[in-house]
Each structure stands twice: as structure tokens, then as C-alpha cells.
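>>> Attaching a predicted model along with its sequence, questions to come.
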Amino acid sequence: MTDIPSPYETGWFVDEEALGRLVVGKNDAELVAIYRSLIRADFAGLRAGAVATSIEMTPEPERPKALLAVIDAMKDDDLVEWVEADSARRARAEALASHIAPEDPSEKHNHTAIDAIKKFDEWKAYPHHVIIVPGYTPRDIQVANPGVHPICRRRLEQAYADFRAKKAPFVLVSGANVYPRETPYYEALEMKATLVKMGLPEDRVLVDARARHSTTNLRNAGRIMLSHGLSRALVVCQGGGVSGTDLFDQDFYLSNPTMSTFHARCEKELGYRVGDLKDGGDDHAIFEPSPAVRRINWRDPLDP
């Protein structure tokens with residue numbers, strides 16, 4: 001890769017207008033390298049606030065590109081180790097992630113379901129508090145389209161059947177606008193619309209439209225659960241295995257979290273396990289969230 005001058009050499013870390021032009025004429029690799037240096041300057045206190053200023057000064061059409069570059073920069077193992085080694089740097093990282101995170105589109109779609117949860121008083125009649133449905137969109141998809149992928153539809157059909165069978169009184173759908181990059185369609189919102197068309201009452205559907213990975217599907221669901229006193233979930237996790245088949249699919253991944261390395265992935269990417277997971281039988285897992293899910297993940301400002 002071409003050597004990239006550091007912010008120290010260019011003056012970017014003292015020029016606010018220049019910070020807003022970082023994306024201009026840069027390919028993805030160059031932009032990631034620049035942000036890797038800028039993050040160190042920011043968190044070391046040499047130019048506090050430089051990363052946030054850069055994002056805020058970047059023109060709106062280019063802002064998603066800048067945010068994705070920050071995320072990719074924060075995946076660098078050396079940078080992660082450097083941040084985690086100092087509590088002040090970690091605090092700066094968490095504050096930055098919270099500050100530059102885009103508005104969560106979930107909130108305005110959850111009011112009716114949250115009101116229903118507050119009024120609901122038949123919990124003892126159900127074995128689980130909520131049915132969680134992680135979304136599914138292949139990484140290699142090239143064209144953004146509304147609606148849901150066939151594998152995701154299978155999961156929604158199963159969730160609807162589970163709801164009708166009174167396995168839980170609420171359904172929580174989870175998925176952001178991840179693939180293809182910069183798609184305007186939020187998977188969870190498309191999933192909710194699909195469930196409502198199937199006949200599931202809108203006030204029984206909770207939405208998490210921020211989760212970008214399997215780890216954060218459960219972390220974010222856990223946050224919502226704990227915020228409303230819910231402790232036990234049934235996760236619908238069929239499909240999404242090798243080459244889009246059911247071989248080593250999400251059911252295996254979540255129902256066998258140690259063998260499948262899901263727990264290890266959570267510890268590496270989030271710093272903790274998202275909760276207890278066990279086999280729920282026939283394309284389901286049982287999930288009980290850990291209080292640790294409330295911790296901010298500074299490594300992903302799109303979904304901290």
C-alpha cells in the first residue's frame with residue numbers, strides 16, 4: 001500500500017476545513033490509513049476532537065464513507081491494544097463513538113410495542129419473553145432492494161409461527177443497512193413490515209435497526225430486553241450457513257457458542273460475552289442477556 005503522510009506532516013489535525021476534506025480524492029485504503037493516524041493524535045490529546053470534527057465537517061453525501069473508514073481503522077489490532085491499555089484513551093474512544101454515531105432509526109418505530117410491554121401482564125403464560133429474529137443479507141449482494149432475503153423470510157415465517165404458538169408475546173427483529181454498503185434500506189424495518197403483512201400485530205414487534213453483525217444482533221436485543229425487564233428470549237436462527245445452505249448455519253453458530261467460536265468472537269470484538277446461549281431445538285437458540293451488553297463498543301461508531 002502507498003505510504004500515507006500522517007496528520008502531523010500535513011497539518012490536517014490543526015485545520016478544520018482540511019479535516020472536512022479528508023475523503024476527497026482518497027481511496028478506501030488511503031482513508032483508513034489517514035484515520036488510523038488521526039485517531040492516535042486525537043486520543044493522545046495532541047488534537048483532541050479531531051476525528052469528530054472531521055466527521056462533522058465532511059459533506060453529508062460523503063459522511064458514510066468517512067464513518068466506514070473510521071470503523072475500518074478501529075479494527076487495527078495494534079490500535080485496539082493501544083486504546084485499551086489506557087483508561088483515558090478508552091474513555092475518549094467511547095465518547096467519540098457515542099458522539100458520531102448516526103441517529104438510531106429504531107426508536108420512533110418502537111413506541112407502540114414499548115407501550116404494550118408496559119401494559120402486558122400475562123408473562124407467566126409464555127415460556128419466553130420475546131422471539132428474536134436476526135436479519136440476513138449476503139455480503140456479496142450488489143444491488144440494494146427493499147424487502148427481505150429469502151433466508152430472512154424463512155426466519156420471519158418461523159417467528160410468526162412461534163408467535164401464533166404462544167412461545168413469546170413479542171417479536172424483536174434486528175438488522176441495519178449493511179449490505180451493499182450505504183444501502184438506504186434498514187433490514188429490521190423491512191422485516192417488521194413483512195411480519196405486519198403476515199398478520200402479526202404492529203404493537204407486538206420491536207425493532208433494532210442498528211445491528212451490523214450476529215454479535216450485535218444479540219447485544220442490541222439484550223439491551224432492549226434488559227431495559228424493559230425481559231430476561232429470556234427464543235432466537236430464530238435457521239439458514240445462513242455454508243454457501244447459503246443450512247450446513248453450519250446460524251442455528252449451529254448460536255446453539256453451540258463455544259464450539260462455533262461465537263463466544264470468542266464476542267470477546268474479541270466487544271470485549272465480553274453477550275450472554276448465555278443454549279440449543280433451543282429445531283432452528284432455535286435460547287438467549288439470556290448479560291448485563292455487560294450495556295457497555296459501549298467504541299470500535300464500531302455506526303453501532304456502539
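That came through, no problem.
>>> three-state assignment of the residue nearest to the spatial centre of the chain?
Most central in the chain under CA atoms, centre = their mean is Ala211, positioned 2.3 Å from the mean C-alpha point. Three-state assignment for Ala211 (DSSP: H, G, I helix; E, B strand; the rest coil): coil.
>>> So it is in contact with Pro304, correct?
No - using CB atoms under 8 Å, Ala211 makes no contact with Pro304, being 11.7 Å away. All C-beta atoms are positioned from the backbone trio N, CA, C, and that covers glycine.
>>> and the residue nearest to the centre of the chain, what does it touch?
By CB atoms under 8 Å, 6 or more residues apart in numbering, the residues touching Ala211 are Pro134, Gly135, Ser174, Gly175, Ala176, Ala188, Asn217, Arg219, Asn220, Ala221, Asp303.
>>> Now, those residues that are in strands?
The strands, defined by DSSP state E, take in Pro134, Ser174 from the contacts of Ala211.
>>> Output the contacts of Ala211 as TSV; include the columns neighbour count, pLDDT and distance to His263.
What follows is these, written out as TSV (neighbours: other CB atoms under 10 Å; pLDDT from 0 to 100; distance: CB to CB, whole Å):
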residue	neighbour count	pLDDT	distance to His263
Pro134	27	97	16
Gly135	27	96	21
Ser174	28	98	19
Gly175	29	97	22
Ala176	28	95	23
Ala188	29	98	24
Asn217	29	98	15
Arg219	29	99	13
Asn220	27	98	17
Ala221	28	99	16
Asp303	22	93	20
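>>> With distance to Glu107 added, can I get the contacts of Ala211 in CSV?
Converted to CSV, the contacts of Ala211 look like this (distance: CB to CB, whole Å):
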residue, distance to Glu107
Pro134, 20
Gly135, 18
Ser174, 14
Gly175, 16
Ala176, 14
Ala188, 12
Asn217, 18
Arg219, 17
Asn220, 12
Ala221, 15
Asp303, 14
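>>> Where does the prediction get shaky in this protein?
Counting by pLDDT under 70, the chain shows low-confidence ranges at 1-17, 241-247.
>>> Using the record's assignment, carve it into domains.
With domains defined by automatic domain parsing, the chain comprises 7-100, 107-294.
>>> separation between the nearest residue to Ile71 once chain neighbours are set aside and Gly199?
Closest residue in space to Ile71, ignoring its immediate chain neighbours: Asp300 at 5.6 Å, by CB to CB, 6 or more residues apart in numbering. Remark: distance between Asp300 and Gly199 (CB to CB, to the nearest Å) = 35 Å.
>>> These two: who's more crowded?
The neighbour comparison of Asp300 against Gly199 (other CB atoms under 10 Å) goes to Asp300, with 22 against 9.
>>> In contact with that one, which residues?
Neighbour list for Asp300: Ile71, Met74, Ala97, Arg212, Thr216 [criterion: CB under 8 Å, 6+ apart].
>>> Please name the residues that touch Cys152.
Applying CB under 8 Å, 6+ apart to Cys152 gives the contacts Gly135, Tyr136, Thr137, Gly175, Glu187, Met191.
>>> got the contact list for Tyr179?
Contact analysis of Tyr179 by CB under 8 Å, 6+ apart lists Thr137, Pro138, Arg139, Ile141.
>>> what's the burial count for the last one?
By that I understand Ile141. As a burial measure, Ile141 scores 13 neighbours (other CB under 10 Å).
>>> Might one say that it is in contact with Pro180?
Yes - under the criterion of CB under 8 Å, Ile141 makes contact with Pro180 at 5.6 Å.
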